[in-house]
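*Asks:* just a sequence and a predicted model for now, questions to come.
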Amino acid sequence: MQLKTLLLSSATLPLAKSETVLGVYIFHRHGDRTPKSLAPTNLTALGADEVFQSGSYYRSKYVASDASSPIVGLSNDIAVPTQLSVISPADSVLQSSALAFLQGIYPPAGDNGVSILANRSEVQAPLGGYQYIPVGVSSTASSNPNSENNEWLQGGSGCGNAMVSSNNYFRSDEYLSTLERTRSFYSGLLPVINGTFSASQANFKNAYTIFDLINVATIHNQTIPSKNLLTDDTLFELKTLADNHEWNLAYNRSDPIRAVAGATLAAQILQQLNATLTSRGKTPVGIQFGAYASFMSFFGLAQLDKLSADFTGVVDYASSIVFELVTNASTSSSSSSSYPSLDDVSVRFLLANGSAAQNAPREFPLFGRSQSPLPWSDFAAEINKFAIGDTTAWCQACGNTTGICASAASSSGGSSSDNDGEGAAATTPSNNISLPVAGVIGALVTLVVILGVEGLVYALAGLKLVKKSTLAATAGASGAVGGAAAAGSKA
Ligand SMILES: *[C@@H]1O[C@H](CO)[C@@H](O)[C@H](O)[C@H]1NC(C)=O
Ligand SMILES: *[C@@H]1O[C@H](CO)[C@@H](O)[C@H](O)[C@H]1NC(C)=O
Ligand SMILES: *[C@@H]1O[C@H](CO)[C@@H](O)[C@H](O)[C@H]1NC(C)=O
Ligand SMILES: *[C@@H]1O[C@H](CO)[C@@H](O)[C@H](O)[C@H]1NC(C)=O
Ligand SMILES: *[C@@H]1O[C@H](CO)[C@@H](O)[C@H](O)[C@H]1NC(C)=O
Ligand SMILES: *[C@@H]1O[C@H](CO)[C@@H](O)[C@H](O)[C@H]1NC(C)=O
Ligand SMILES: *[C@@H]1O[C@H](CO)[C@@H](O)[C@H](O)[C@H]1NC(C)=O
Ligand SMILES: *[C@@H]1O[C@H](CO)[C@@H](O)[C@H](O)[C@H]1NC(C)=O
Ligand SMILES: *[C@@H]1O[C@H](CO)[C@@H](O)[C@H](O)[C@H]1NC(C)=O
């Protein structure tokens, strides 16, 4: 204690040692894309550039040899796959975004990547030494129910209690009164959207997809019909209503299971950061691409909405949140014996709203506290209050007892056999890449969302919360089932 006080006061001296970054976890949204309501949704050239620029920003902050906050021990120019744990759902917009982002983090190696062969000839990999960094599929179901750290929890798909909770939103007074209050607002927009939405679909129930269609049009379409209707006030109202709709589906303070997507993300963050610390930096970088709804669920659980109502808004394309493991203790990359003790490690949270290249990440205190960065043990204790990190906990919170939860119940605790990776990868939960069955299921879910075929959704009810597609035949008719897609699809 005395020693700590001493250290604290010496830290205020001008000679204070500068902060070291031991690792980071980055959760990232995709870049600009085509609208959700016109399948298939594609990442655009603009979107690829946004995520690439974001990657380049983080490269200049954490990775490059002249980085402003270099991560201890991280390779500067040549990607070392064991140092990076990258996952994304099996969604082409998110997978493509992850690849473009990684190109910014580790651009083509050029002369650095040239091999010299036994006969002295030099060989460069294709495309100027393009670097291949695996992007694991975070899936909605697991081929291995014993694998406690699997990403089948991603997005809360199939969580019974969350499904009930989200459906309750469509019965809430708040929803029903907004639905009525905004009827004329949405029907007034029909001349703009009637190529995609029918009169019975043009209402608050489709707040997000209508906003999305118009938002994409304002970015890409030079000939929007009845463009004069889209005043700044109208565009603002559209965004605000969509924010309100999506926030209420992602989070409800008195009904936390609705935010199961944020709860599972929280566990992934904690597990990755913990693995970085316990392995003394073997895998210092965790990156996950995911849906804006997961940002919102996490913001609610971490009480960021109490800090600013801005956190209840859908984050812009290519947004990212970052969790930095930082220390003021002395470290040296060459000697693991100098790795700081947990007492000397803190976690700093930052948000870049939009591509980090244009919107530098800003620091915010988490969990309704005023302190940032937060000591590691405090961070872990706070995030553990809501993190859902293994099958047993998920089944309990979701009230599920069948399917994967039946086997989870009978084999709870048996999680030692899932390390089929190699070396450092095996210690890193999110490096669990090879889940062929899960991948197929994930792809199916994506397809279902894209097609918007309601019947299929019910056939696959085990994989879905409630669905959102505006193209559903019954849109407008049955409020209780038509609103929210599984968070994993809300990209
Ligand atoms: C997405 O790309 C595919 C293939 O190029 C194309 O057929 C489709 O129309 C695109 N979607 C949109 C909404 O532009
Ligand atoms: C050197 O070895 C590589 C790989 O075996 C071969 O492709 C290349 O033609 C050789 N170069 C010369 C100059 O022999
Ligand atoms: C939040 O949850 C409470 C309790 O379940 C419920 O009464 C309220 O209507 C919910 N609010 C929304 C917007 O879903
Ligand atoms: C959409 O609205 C415009 C303007 O009211 C009208 O001219 C057009 O025929 C409508 N299109 C469809 C497909 O209903
Ligand atoms: C622009 O809007 C018009 C009218 O809705 C539509 O026909 C056209 O396909 C849109 N173009 C693009 C590039 O989105
Ligand atoms: C970190 O991981 C270690 C080893 O798996 C575990 O004992 C410890 O409880 C974890 N700490 C936190 C905060 O999760
Ligand atoms: C991020 O930007 C969007 C759009 O500008 C806004 O609605 C949202 O509130 C912002 N979020 C935060 C946390 O600043
Ligand atoms: C390190 O010291 C600086 C200067 O006193 C302080 O601002 C920063 O919060 C400290 N970082 C940690 C992780 O304690
Ligand atoms: C969880 O329970 C719900 C409601 O019974 C069900 O629809 C869903 O398929 C179950 N999820 C899983 C993963 O078994």
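*Replies:* Cool, the structure landed. Residues are numbered from 1 along each chain as shown. Ligands and ions are numbered 1, 2, ... in the order given.
*Asks:* ok, the nearest residue to residue 257 once chain neighbours are set aside - contacts?
*Replies:* Nearest residue to residue 257, sequence neighbours excluded (C-beta to C-beta, 6 or more residues apart in numbering): residue 161, at 4.5 Å. For every residue, glycine as well, the C-beta is placed using N, CA and C. Neighbouring residues of residue 161 by C-beta atoms under 8 Å, 6 or more residues apart in numbering: 257, 260, 397, 398, 399.
*Asks:* residue 190 contacts residue 199, correct?
*Replies:* Yes - with contact defined as C-beta atoms under 8 Å, residue 190 and residue 199 form a contacting pair (6.2 Å).
*Asks:* higher neighbour count, those two?
*Replies:* residue 190 (16 against 11; other C-beta atoms under 10 Å).
*Asks:* chain neighbours aside, what residue packs nearest to the more buried one?
*Replies:* That would be residue 202: by C-beta to C-beta, 6+ apart, it lies 5.4 Å from residue 190.
*Asks:* the one you found and residue 238, how far apart?
*Replies:* Here the criterion is C-beta to C-beta, to the nearest Å. By it, residue 202 lies 12 Å from residue 238.
*Asks:* tell me, what's touching those two both at once?
*Replies:* 189, 210.
*Asks:* quick one, phi psi at the closest residue to ligand 7 within the stretch 1-150 of the chain?
*Replies:* Nearest residue of the stretch 1-150 of the chain to ligand 7 (C-beta to the nearest ligand atom) works out as residue 29 at 10.5 Å. For residue 29, the backbone dihedrals (degrees, to the nearest 10) come out as phi -90, psi 160.
*Asks:* and the nearest residue to it once chain neighbours are set aside, what does it touch?
*Replies:* Closest residue to residue 29 apart from its sequence neighbours, by C-beta to C-beta, 6+ apart: residue 319 at 4.7 Å. Residue 319 is in contact with 28, 29, 292, 295, 351, 352, 353, 354, 355, 359, counting by C-beta under 8 Å, 6+ apart.
*Asks:* nearest to ligand 7 among the residues you listed?
*Replies:* residue 353 (3.7 Å).
*Asks:* next one: that closest one relative to residue 318, how far apart?
*Replies:* For residue 353 relative to residue 318 (C-beta to C-beta), the value is 10 Å.
*Asks:* the more surrounded of these two?
*Replies:* residue 318 (31 against 20).
*Asks:* roughly how far apart are that one and residue 53?
*Replies:* Taking C-beta to C-beta, one finds residue 318 at 8 Å from residue 53.
*Asks:* mutual contacts of those two, please.
*Replies:* Common neighbours of residue 318 and residue 53 (C-beta under 8 Å, 6+ apart) are 355, 356.
*Asks:* now do residue 164, the pLDDT please.
*Replies:* We have a pLDDT of 89 for residue 164.
*Asks:* still on that earlier bit, now go through the contacts of residue 161 and say which are in helices.
*Replies:* Members of the contacts of residue 161 lying in helices (criterion: DSSP state H): 260, 397, 398.
*Asks:* who wins on neighbours among those residues?
*Replies:* residue 260 (31 neighbours).
*Asks:* ok, residue 272 touching residue 282?
*Replies:* No - applying C-beta under 8 Å as the test, residue 272 and residue 282 come out as separate, 11.6 Å apart.
*Asks:* neighbour count: the two, which is higher?
*Replies:* Using other C-beta under 10 Å, the more surrounded residue of residue 272 and residue 282 is residue 272, with 27 against 18.
*Asks:* wasn't the more buried one part of a helix?
*Replies:* Yes - membership of residue 272 in a helix is supported by DSSP: H, G, I helix; E, B strand; the rest coil.
*Asks:* count of neighbours near the nearest residue to it once chain neighbours are set aside?
*Replies:* Spatial nearest neighbour of residue 272, excluding adjacent residues (C-beta to C-beta, 6+ apart): residue 286 at 3.6 Å. Residues lying near residue 286 (other C-beta under 10 Å) number 26.
*Asks:* start at 43, not 1
*Replies:* That works, and once the first residue is 43, the last one we named lands at residue 328.
*Asks:* state the distance from residue 328 to residue 95.
*Replies:* 21 Å.
*Asks:* let's check: the centremost residue of the chain is which one?
*Replies:* Centroid check for the chain by C-alpha atoms, centre = their mean gives residue 332 as the closest residue, at 3.3 Å.
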